[in-house]
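Participant: the following block contains a protein sequence and its predicted model.
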Amino acid sequence: MKPKLAAPDKETLKKATVRPSVLSDYISEDLHVEDKFKLESLVTVPDMFNARLHLGHKIGTLNNNMKWALYGERLGVCIFDLDITRTHLIRALDFIAHVVMRGGMILFISTNRDTMFSVEKTAEEVGFQAAKMTIPTVGVVDSNSDPAYLTYLVPANDDSPQSVEYLLRDMHVGIAPHFLEQPLARHNDDGSIELECSFTASPLPEIQWFYGNKELKEDARFQIKLVFKGNEAYSVILRIEDVADSDAGSYRCALANPYGKGSATFNLKLTGFSSPTFVQKPRISTRDDGQVIVMEFRTRSILEPSFSWQKGDEVMVRSDRVDIISRKEANHVYYAALKIKDPIKENDSGQFVCTVTNSSGKLTAAFTVEFAVPSGAPTFTRKPRIIQVTSDSGDPAIVFDVAYQGDDNPEVVWINPKGKRMKESSRTHIITTPDDRENTFTAKLELKKCKPNDSGVYLCNIKNGVGEANVELTLEIQRPPIGGALLLTKSLFTVLVVYNIIVHLYFLVMLSRILPSFIRSSPIKSVANLSVAAGDASTPSEESSPVTTTQRPLPWLSKSPFVEIPQAWVTSFDAIEERKLDLIDLHPDIFRVPPRLDLLHRNVNWQLVYRNVQLTKQLSRAEMPGGGHKPWPQKKMGRAQAGSIRAPPFIRAGFANGVRGPRTWFYILPDAVRLKGLCVALTLKHAQDGLQIVDRLDQLPSDADAQFLQDLADSRNWGYSVLFVNDTDEISGGLVTAIEALPSFRAMPVYGLNCFSLLKYDTVVFSRSAIDLLEERLLKHLHRAGTLNKKYRYMDYKERILNEGEKEDDPIQPPIV
């Protein structure tokens with residue numbers, strides 16, 4: 001039998017303990033660097049005091065080898081000097097971080113009162129073996145313990161749960177960089193681009209940006225911004241100014257701290273970022289008392305541009321009368337101008353176009369030179385229009401509507417496509433009526449029972465002794481396919497004023513098989529060119545700029561990827577005349593859903609329930625006043641007993657089972673039904689051309705009155721009732737004053753939008769910001785994940801609520817609604 005080794009005594013263990021000086025040949029240079037792992041910010045004296053690390057054992061149990069770490073004693077309890085404790089704790093954490101960095105192993109040993117003897121014996125054996133194998137030890141030493149057995153000791157309270165929890169928390173010394181989500185790229189309104197990465201790390205890593213293999217440094221074009229989000233989460237943003245097509249390529253964000261590395265790559269594709277843009281919009285001015293016309297603008301182009309001027313199909317060149325100017329100014333800005341001396345109305349009236357071109361794209365500036373109309377000559381007061389109506393006999397009819405003004409009651413003549421003057425007949429009805437203002441009139445031509453043979457050009461001639469005006473309307477009607485329906489729809493309407501009155505209205509006649517709910521009989525917008533005849537004096541022209549098409553990034557993928565992306569025009573709102581500013585994409589999950597009329601019915605009924613409130617309340621016997629005495633003697637009368645004259649059997653008494661108001665029939669409609677119903681209503685509104693988008697609702701002039709807003713709605717064929725929807729509760733400008741005077745017009749914020757209002761009003765007008773906010777909120781709810789969703793773990797939700805409280809939401813978790 002092999003004899004058992006004797007346990008070493010304490011003196012032997014003290015001599016065998018590994019000292020830090022012995023380890024100097026085994027550790028790397030990183031541990032010799034003071035605060036290599038930046039741990040001083042993690043260990044603070046106030047935190048240690050709150051964790052009760054300063055409280056030792058009673059003074060009677062003090063080990064003499066621990067006197068050096070004490071600050072004093074209070075009420076018979078040893079008090080540690082927390083400055084000394086902090087120094088030794090940082091030193092121990094540095095060593096642990098070094099072991100972790102090199103991939104080493106750490107063994108944690110704690111004590112339990114029930115097994116104190118066995119643990120103490122095991123600790124002595126482990127300490128002896130560790131000393132033999134040159135294994136360093138780290139431990140927390142209380143005032144009653146001997147520090148001679150440890151390599152790295154921390155003088156502190158080792159009994160309190162708060163202190164143990166604090167020390168174990170500090171063992172979590174670092175986090176390697178970890179990206180929370182996919183990198184994001186944003187295009188700002190000022191033309192700059194931002195590349196953003198969200199990550200967690202501790203300590204804060206070193207951040208580097210690379211373009212290809214070239215490191216990017218902060219300068220005038222590249223700016224690096226770091227945002228702290230809390231809980232060791234950060235967001236780093238690279239902002240690129242003066243973006244050009246040459247900036248396309250691969251960008252990489254590299255992160256590194258002592259615990260690891262990470263990188264995120266952006267593959268940036270740029271097209272048209274170096275295209276010319278307007279710095280000063282095109283404008284026309286006159287000089288030398290009208291002897292010189294100047295058409296000028298300023299453009300910004302990073303690449304050197306070229307300028308080309310045209311009038312119609314004719315290319316403008318320099319001459320004695322024409323001077324073409326183009327010069328470079330500061331910050332990539334170019335000035336371009338066309339000067340015409342001694343303008344002649346026959347040659348110099350019309351449209352001039354300047355095309356600015358570089359290797360990335362082109363920009364077009366349009367100018368229109370017009371001449372004033374003599375006083376009293378016929379002029380148009382609004383855009384001519386064609387309306388689809390129902391005649392008095394009940395047959396469908398087309399009405400050509402022209403509003404004009406002129407002195408001496410101008411004569412109106414209608415000419416049909418065959419060149420013959422039109423007269424009253426069973427199919428044709430001609431009306432000329434005066435308007436509210438002086439010398440203003442409305443001329444109408446009603447054409448009943450329209451046939452494809454009625455297609456062609458109709459001319460309206462308005463003439464008096466001063467001048468004349470002509471409007472030429474082109475109507476095209478095709479035969480519908482089998483099972484189809486003849487449908488006139490709204491289309492783009494633009495206005496261009498030139499010399500010699502010629503107005504062209506182009507109407508799109510569509511033949512389609514669509515659902516009846518998508519068909520809406522309404523006035524029709526068309527493409528038109530307006531001009532007014534007669535006169536010699538020159539007047540400045542309207543500024544014009546090309547209409548662009550914007551493809552907005554849709555925040556959520558469509559549930560039906562094969563659905564066609566719906567689009568809508570963004571128009572101006574600062575004048576009666578409509579200008580198309582942009583063509584934007586709408587999300588198909590909101591504006592192209594199946595027309596579920598049953599969902600609309602459920603939503604509208606649910607809203608109407610609010611009106612049904614029963615306010616009647618019938619008093620019970622106990623609530624009736626008076627009635628304390630008995631109606632008759634209760635005994636020996638041969639009658640039934642009655643306790644009070646206010647009992648239900650008596651007149652003017654209480655009710656036993658009366659109506660107990662106020663009562664409501666309100667019920668909870670499921671969120672899914674409400675969301676889908678709102679999407680169906682928006683889809684129908686968009687399909688019926690009853691959804692309009694303007695740039696901003698506060699663009700309406702501050703002096704605009706109700707008549708101005710009514711004329712604007714009539715010219716754009718918005719119908720009798722209009723609902724304006726904004727992204728905020730407040731609307732500045734003249735819209736509020738104008739709406740107050742029109743009972744059929746109303747405004748509301750996005751969060752108040754509902755199915756009842758969408759169906760009640762003929763047209764719903766959104767601001768551009770309101771349509772963005774509406775899509776964002778609806779898509780958030782359509783794709784949300786809640787505690788009842790199987791995709792969302794309830795334990796994660798519970799842990800987040802208990803641990804984080806009112807902190808920010810975790811960016812990688814779905815929103816809790």
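Facilitator: Here it is on my side, so go on.

Participant: which stretches of the stretch 301-450 of the chain aren't confidently modelled?
Facilitator: Scanning the stretch 301-450 of the chain for pLDDT under 70 picks out 345-346, 371-374.

Participant: if you could redo that for the chain, that was the one I meant.
Facilitator: 1-38, 100-134, 168-174, 271-273, 345-346, 371-374, 478-563, 785-817.

Participant: what residue of it is the furthest out?
Facilitator: K636 (84.7 Å; CA atoms, centre = their mean).

Participant: now the strands for the stretch 151-300 of the chain?
Facilitator: Ranges of strands in the stretch 151-300 of the chain, per DSSP state E, counting those that start in this stretch, are 152-155, 175-179, 184-187, 193-202, 206-211, 214-216, 222-230, 233-240, 249-257, 260-268, 277-287, 292-300.

Participant: got the contact list for the shortest one?
Facilitator: Among residues not part of strand 214-216, those counted as contacts by CB atoms under 8 Å, 6 or more residues apart in numbering are Q208, W209, F210, F222, I224, L238. Just so you know, the C-beta spots here come from the backbone N, C-alpha and C atoms, and that holds for glycine as well.

Participant: could you do the second one as well?
Facilitator: When contacts are taken as CB under 8 Å, 6+ apart, the neighbours of strand 175-179 outside the stretch itself are 197-202, 205, 232, 255-257, 259-262, 264.

Participant: if you set the cut-off to 7 Å instead, what comes out?
Facilitator: Residues from elsewhere that reach strand 175-179, judged by CB atoms under 7 Å, 6 or more residues apart in numbering: 197-202, 205, 232, 255, 257, 259-262, 264.

Participant: returning to that earlier point: now, of the contacts of strand 214-216, which are buried?
Facilitator: Among the contacts of strand 214-216, those scoring as buried are W209, L238 (criterion: 16 or more other CB atoms under 10 Å).

Participant: go ahead and confirm N257 touches P205.
Facilitator: Yes - using CB atoms under 7 Å, N257 makes contact with P205 at a distance of 3.8 Å.

Participant: so these two - more neighbours on which side?
Facilitator: Using other CB atoms under 10 Å as the criterion, N257 and P205 rank with P205 on top: 22 against 19.

Participant: need the contact list for that one.
Facilitator: P177, L255, A256, N257.

Participant: how about TSV for the residues you listed, with distance to F650 added?
Facilitator: Below are these laid out as TSV (distance: CB to CB, whole Å):
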residue	distance to F650
P177	86
L255	87
A256	92
N257	89
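
Participant: got a winner among the residues you listed for most neighbours?
Facilitator: P177 (25 neighbours).

Participant: quick one: it and L195, what's the gap?
Facilitator: According to CB to CB, to the nearest Å, P177 stands 16 Å off from L195.

Participant: now do the domain split for this structure, please.
Facilitator: 39-173, 176-268, 277-369, 379-475, 589-614+666-791 (the TED database).

Participant: so which residues of the stretch 1-150 of the chain form helices?
Facilitator: 10-16, 29-32, 45-50, 82-101, 116-132 (DSSP state H, counting those that start in this stretch).

Participant: once you drop chain neighbours, what's closest to G628?
Facilitator: S644 (7.0 Å; CB to CB, 6 or more residues apart in numbering).

Participant: ditto for L619
Facilitator: G654 is the one closest to L619 (CB to CB, 6+ apart), at 5.4 Å.

Participant: isn't the one you found right up against G627?
Facilitator: No - taking contacts as CB under 7 Å, G654 lies outside contact range of G627: 8.3 Å.

Participant: need the overlap of contacts for the two.
Facilitator: Joint contacts of G654 and G627 (CB under 7 Å, 6+ apart) are R646.

Participant: please list all residues in contact with L753.
Facilitator: Neighbouring residues of L753 by CB under 7 Å, 6+ apart: L678, V725, L774.

Participant: and if you look at L712?
Facilitator: Going by CB under 7 Å, 6+ apart, L712 touches I576.

Participant: how near is I96 to H178?
Facilitator: 21 Å.

Participant: neighbour-wise, which of these two wins?
Facilitator: Neighbour count, other CB under 10 Å: between I96 and H178, I96 has more, with 18 against 14.

Participant: who touches stretch 187-202?
Facilitator: 174-181, 183-186, 232-241, 243, 251, 253, 255, 257, 262, 264, 266, 811.

Participant: kindly recompute the last result at 8 Å.
Facilitator: 174-181, 183-186, 229, 231-243, 247, 251, 253, 255, 257, 259, 262, 264, 266, 268, 273, 277, 811.

Participant: can I have the buried ones of those as a PyMOL selection?
Facilitator: Per 16+ other CB under 10 Å, the buried members of the contacts of stretch 187-202 correspond to this PyMOL selection:
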select buried, resi 174+175+176+177+179+183+185+233+234+235+236+237+238+239+240+243+247+251+253+255+257+259+262+264+266+273
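
Participant: what about stretch 338-355, how long is it end to end?
Facilitator: 12 Å (CA to CA, to the nearest Å).

Participant: coming back round to it: show me the contacts for the residue nearest to L619.
Facilitator: Counted by CB under 8 Å, 6+ apart, G654 has contacts Q618, L619, S620, R621, A622, E623, M624, R646, A647, P648.

Participant: which of the residues you listed has the largest number of neighbours?
Facilitator: Ranked by neighbour count (other CB under 10 Å), the contacts of G654 have R646 at the top, with 20 neighbours.

Participant: what's the neighbour count on the closest residue to that residue other than its chain neighbours?
Facilitator: Distances taken as CB to CB, 6+ apart put G627 closest to R646, at 3.2 Å, once the chain neighbours are dropped. For G627, the neighbour count with other CB under 10 Å is 18.

Participant: repeat for K463
Facilitator: Other residues within reach of K463, judged by other CB under 10 Å, total 17.

Participant: how close does it sit to D408?
Facilitator: Look at K463 and D408: by CB to CB, they are 10 Å apart.

Participant: what sits against the closest residue in space to R660 that isn't next to it in sequence?
Facilitator: Nearest residue to R660, sequence neighbours excluded (CB to CB, 6+ apart): K617, at 6.0 Å. The contact partners of K617, by CB under 8 Å, 6+ apart, come to G658, V659, R660, G661, P662.

Participant: which of those lies closest to D574?
Facilitator: P662 (48.0 Å; CB to CB).
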